[in-house]
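Chemist: Predicted coordinates and the sequence they were generated for:
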Amino acid sequence: MSVGHARRWLGLGALALSMLALGFDMTILNVALTTLSEDLHAGTSELQWIVDSYLLVFAAVLLPAGLLGDRLGRKRLLLAGLGIFGAASLAGALAGGTGEVIAARAFMGLGAAIVLPLSMSMLPAIFPPEERTRAVAIWSAATALGLPLGPLLGGWLLEHFWWGSIFLVNVPFVVVGGGAVALLLPATKDPAAPRVDLAGSLLSMGGLVALVYGVIEAPVRAWTDPLVLGSFALAVLLLTGFVLAERRTGEPMLNMRLFQNRGFVWAVIAAVAANLVLGGLLFVLPQYLEAVQGSDVLGTGLRITPMLAGLLAGAIATDRVAARAGHKPIIVVGLLVLAAGLGWAASTGTGDGYGATAPWLVVIGIGAGLTLIPAMDAVLAALPPEEAGRGSGLVQTLRQTGGTLGVAGLGSLLAAVYRDRVSTGHLPAAAADAARGSIGGAAQVAGRLHDDGLLASARTAYVHGMDAVFAACGAATLAVAVLLWLFMPGQGRGDAVPAADVGESAHENAVP
């Protein structure tokens, strides 16, 4: 499909604006939980569901959303997803209680799950291969920019407005982005896309919900808790049933032959690994900057921006050399740079100031940019055009689920090291439990008891836990780099799975 040069780049700007809103929505809530607790009288369980309702719906809907986009029209469903996300954001801003906020967050997760894979699937429809790497870089950078902007923008809004402003800020982004999408982007779909398989959709959605729920609960209840183990067992059962059903049906939701394409598989593994590392970093770093280095919320958001600068530098470098070098060498170099940055971060000491933190943030950002952008470009290159929606839904499902698993696992590692090292033997039982629970709890106890020794011990214990997290991430990243170098084919910009391998051939069609 031919789309004019100016129109496709303006259309990419519309997609980037939408992704920016999704990006900062993933982190903006973190700075508002205390305010929500006070203003809405929300308990710990209610706060947890305000966060988790979004994640559960988001994980469940990503996969079928891509298929629906292929079948019903990607632009049409993308606009519907933006509409749902914007309406739910407005409802959250006007909510009068925690139940309404939880419901609004669930619908925001629904809208985001539709927007994410379909915005990605639009890129190969409007950009030729020689421009796609740059388009993927801009699309990825928009999401990445939103992550540090979340706490920065959230802190500013909460200082000047009421708590509902953290939801209301999404609305103008959605309105402008949605209007631009409607005017600038072509309507595409695959007339030969399979019908939505209700049984398969329910199996995949149920399996992903069970998996994500188990991951969410594991750090709180322990990985051996019966509820957690039951959730994982149910996830394995349902997802196995989904795969078996897909192999038997004549019109599968997923093209299982994609997994025979080693270029596709290793590009997805690289993207999941980078996503896991970034998720873990954004989980542990804000607490380090605030509780150990003493930054406020606004300062924390600003101090994370060197990572974004590094990511943008990695994106620019990828754009310059991708056409000549191909995907594999850039991804491997990116993973090695990422591993080096994580190894540097793992040497952090309790007395280090921000001057020692900023350089390794830049290196990690460069490594992430050199990994994520060519990996996503390789994935899009491997997808048959008619399966862009389904394939994008699969990739985003794997990325987001992998990131959630990573945060849970790394959070458990951090908590275990922290609890083992923080000194609480001299405290009453209730205070000791609070101090062992988190560094924030230790800081509160130390403040009430004027116990400088406890605060120093908690900071040292947290840094040890953070170093362990970075060391584990660095080792895993290095292992992925080696495996990818050995087993990923050295093709140039990637080859799509031939239509003959898919079954019925189908072609991208414009819809008037």
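Modeler: Received it, and whenever you're ready, just let me know what you need.

Chemist: Residue 344 and residue 360 touch, don't they?
Modeler: Yes. Taking contacts as C-beta atoms under 8 Å, residue 344 lies within contact range of residue 360: 4.2 Å. Placement of C-beta: from N, CA and C, glycine included.

Chemist: Same drill for the two, tell me which one is more crowded.
Modeler: residue 360 (22 against 17; other C-beta atoms under 10 Å).

Chemist: how about the more buried one, what does it touch?
Modeler: Residues in contact with residue 360 (C-beta atoms under 8 Å, 6 or more residues apart in numbering) are 341, 344, 345, 348.

Chemist: Which positions in the helix or strand where it lies come out as buried?
Modeler: Residue 360 is part of helix 354-382, with elements assigned from DSSP states H and E. Using 16 or more other C-beta atoms under 10 Å as the test for burial, helix 354-382 gives 357-358, 360-382.

Chemist: In terms of residue numbering, what are the domains of this protein?
Modeler: 1-193, 197-252, 260-421+469-493 (automatic domain parsing).

Chemist: Would you mind giving the ones you listed as JSON lines with mean pLDDT added?
Modeler: Formatted as JSON lines, the domains of the chain follow (pLDDT from 0 to 100):
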{"stretch": "domain 1-193", "mean pLDDT": "80"}
{"stretch": "domain 197-252", "mean pLDDT": "82"}
{"stretch": "domain 260-421+469-493", "mean pLDDT": "84"}
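
Chemist: now those domains in TSV, with distance to residue 463?
Modeler: Output for the domains of the chain, formatted as TSV (distance: least, C-beta to C-beta, whole Å):
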stretch	distance to residue 463
domain 1-193	20
domain 197-252	19
domain 260-421+469-493	5
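
Chemist: ok, then the element right after the helix holding residue 360?
Modeler: Using DSSP H and E, the helix or strand that follows helix 354-382 towards the C-terminus is helix 388-421.

Chemist: angle of that next one against helix 354-382?
Modeler: 150 degrees (axes from the mean of the first three to the mean of the last three C-alpha atoms, to 10 degrees).

Chemist: Please identify the buried residues of helix 388-421?
Modeler: Neighbour count says helix 388-421 has 388-411, 413-415, 417-418 buried, by 16+ other C-beta under 10 Å.

Chemist: residues touching residue 115, list them.
Modeler: When contacts are counted by C-beta under 8 Å, 6+ apart, residue 115 touches 18, 19, 22, 78, 81, 82, 85.

Chemist: in the stretch 51-200 of the chain, which spans are strands?
Modeler: For the stretch 51-200 of the chain, the strands defined by DSSP state E, counting those that start in this stretch occupy 188-189.

Chemist: Quick check: residue 395 vs residue 351, distance?
Modeler: Distance, residue 395 to residue 351, by C-beta to C-beta, to the nearest Å: 42 Å.

Chemist: ok, now which ones touch the most centrally placed residue in the chain?
Modeler: Centroid check for the chain by C-alpha atoms, centre = their mean gives residue 400 as the closest residue, at 5.0 Å. Neighbouring residues of residue 400 by C-beta under 8 Å, 6+ apart: 58, 59, 62, 275.

Chemist: Just the angle for the longest helix along the chain relative to helix 354-382, thanks.
Modeler: Longest helix of the chain, by residue count under DSSP state H: helix 452-487. On the basis of the same axes, to 10 degrees, helix 452-487 is oriented at 30 degrees to helix 354-382.
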